[in-house]
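Trainee: show me the folded form of this:
(one chain, ligands or ions: 2)
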Amino acid sequence: MQLFVTGPAGSGKSTFVKEFSSFLSEKGYSVACINLDPATEPIFKASKDVRDFVKAEEIMKKFSLGINGALMKSMQLIENFAEKLKVDADFVLYDTPGQMELFIYSESGRNVVRILSDRFTVSLFLIDSSQAIEPENFIAAVMQNVIVSLRLSIPSLTVFTKSDLVKLNVKEIRKRIRESEGVLAELLEKVEFFVEYTTIPYRILTVSDKWDGFEDVLGALKELFCACGDIS
Ligand SMILES: Nc1nc2c(ncn2[C@@H]2O[C@H](COP(=O)(O)OP(=O)(O)O)[C@@H](O)[C@H]2O)c(=O)[nH]1
Ligand SMILES: [Mg+2]
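Mentor: Residues are numbered from 1 along each chain as shown. Ligands and ions are numbered 1, 2, ... in the order given. Okay, here's the model as predicted:
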């Protein structure tokens with residue numbers, strides 16, 4: 001299974017790749033971690049690292065670009081050797097760039113995903129739990145996940161991280177949506193149908209770097225592909 005770990009900067013992607021890969025290894029699966037972030041050294045043992053091919057800071061110097069231009073350029077270069085990043089394992093975890101928009105909204109990012117995908121490919125969209133306590137933020141997070149899914153043309157599960165710091169109470173959040181008043185409340189209520197329609201089959205997943213919720217994530221991944229048989 002190819003697992004693309006996506007989400008905003010600081011949501012816990014690199015930490016998740018490190019910890020979830022250890023969890024999967026402990027379960028007896030073969031696991032490989034790939035660093036797709038040209039600007040950051042991996043904090044996990046990377047089987048393949050884009051920085052062996054392209055380093056964002058060197059691209060800045062070589063092409064006299066600012067950081068954003070260098071990241072865009074790096075992504076274009078990565079596209080040319082994405083084939084070389086392929087590895088064979090039960091689970092291949094990809095850590096994606098801190099700047100999520102780079103990956104999601106550039107044609108190169110989408111092409112990289114296409115090249116690395118197989119029929120069991122999924123994104124885990126990570127979002128810091130503290131960013132989802134308010135009903136409008138919760139719904140915005142789930143909607144962002146849908147955008148990731150649409151842009152990359154792969155299924156994507158929303159995973160709320162850092163559950164050791166903030167315990168999300170989804171029932172409570174939904175109650176507050178129903179009870180809120182005003183124009184925003186009306187919008188939220190309408191959007192909630194959309195959230196239900198797009199996410200309920202995948203349920204709400206919460207994790208921490210202490211491995212809380214990892215069994216649930218694995219269960220959801222298996223469920224996602226259960227109709228297709230063996231996932232490994
Ligand atoms: N308390 C807590 N901190 C976390 C957790 N996961 C990540 N962090 C911290 O959040 C920060 C950002 O994590 P990182 O993995 O670098 O995020 P990334 O930018 O999405 O790759 C780091 O300081 C991590 O140590 C967690 O489950 N609990
Ligand atoms: Mg990171």
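
Trainee: list the buried residues for the helix or strand containing residue 17?
Mentor: Here residue 17 is covered by helix 13-26, with elements defined by DSSP states H and E. With burial defined by 16 or more other C-beta atoms under 10 Å, the residues of helix 13-26 counted as buried are 13-24. All C-beta spots, glycine's among them, are computed from the backbone N, C-alpha and C.

Trainee: check stretch 170-178 too.
Mentor: Neighbour-count burial for stretch 170-178 [16+ other C-beta under 10 Å]: 173-174, 176-177.

Trainee: follow-up on the earlier one: which other helices and strands does the following helix or strand past the helix holding residue 17 contact?
Mentor: The helix or strand immediately downstream of helix 13-26 is strand 31-35, counting by DSSP H and E. When contacts are defined as 3 or more C-beta pairs under 8 Å, 6 or more residues apart in numbering; DSSP states H and E, strand 31-35 packs onto helix 13-26, strand 48-49, strand 91-95.

Trainee: partner strands of the second one, parallel or antiparallel?
Mentor: The one in question is strand 48-49. Sheet neighbours of strand 48-49, with direction, are listed as strand 31-35 (parallel) (DSSP bridges).

Trainee: quick one: closest of the helices and strands packed on strand 31-35 to ligand 1.
Mentor: For the helices and strands packed on strand 31-35, the distance to ligand 1 is smallest for helix 13-26, at 3.4 Å, taking C-beta to the nearest ligand atom.

Trainee: contacts for that closest one next, please.
Mentor: When contacts are taken as C-beta atoms under 8 Å, 6 or more residues apart in numbering, the neighbours of helix 13-26 outside the stretch itself are 5-7, 31, 33, 37, 40, 42-44, 90-91, 93-96, 98, 124, 126, 159, 161, 207, 209, 211, 214, 217-218.

Trainee: check whether the strand ranked longest in the chain comes near ligand 2.
Mentor: Looking across the chain with DSSP state E, the single longest strand is strand 121-128. No - on the criterion C-beta under 5 Å from the ion, strand 121-128 is out of touch with ligand 2, staying 10.0 Å away.

Trainee: buried ones in the very next helix or strand once past that strand?
Mentor: Once strand 121-128 ends, the next helix or strand along the chain (criterion: DSSP H and E) is helix 135-152. Using 16+ other C-beta under 10 Å as the burial criterion, the residues of helix 135-152 that qualify are 135-136, 138-139, 141-146, 148-149, 151-152.

Trainee: before we move on, back to that, could the helices and strands packed on strand 31-35 be laid out in JSON lines, adding distance to ligand 1 and mean pLDDT?
Mentor: Supplementary listing: the helices and strands packed on strand 31-35 in JSON lines, determined by distance: least, C-beta to the nearest ligand atom, whole Å; pLDDT from 0 to 100:
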{"stretch": "helix 13-26", "distance to ligand 1": "3", "mean pLDDT": "98"}
{"stretch": "strand 48-49", "distance to ligand 1": "15", "mean pLDDT": "98"}
{"stretch": "strand 91-95", "distance to ligand 1": "7", "mean pLDDT": "98"}
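
Trainee: I'd like those as JSON lines, with distance to residue 131 appended.
Mentor: Shown next, in JSON lines, are these (distance: least, C-beta to C-beta, whole Å):
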{"stretch": "helix 13-26", "distance to residue 131": "14"}
{"stretch": "strand 48-49", "distance to residue 131": "28"}
{"stretch": "strand 91-95", "distance to residue 131": "20"}
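
Trainee: thinking again about what came up before, buried ones only from the contacts of helix 13-26, please, as a ChimeraX command.
Mentor: Restricted to the buried members of the contacts of helix 13-26, where burial is judged by 16+ other C-beta under 10 Å, the ChimeraX selection command reads as follows:
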select :5,6,7,31,33,37,40,42,44,90,91,93,94,95,96,98,124,126,159,161,207,214,217,218
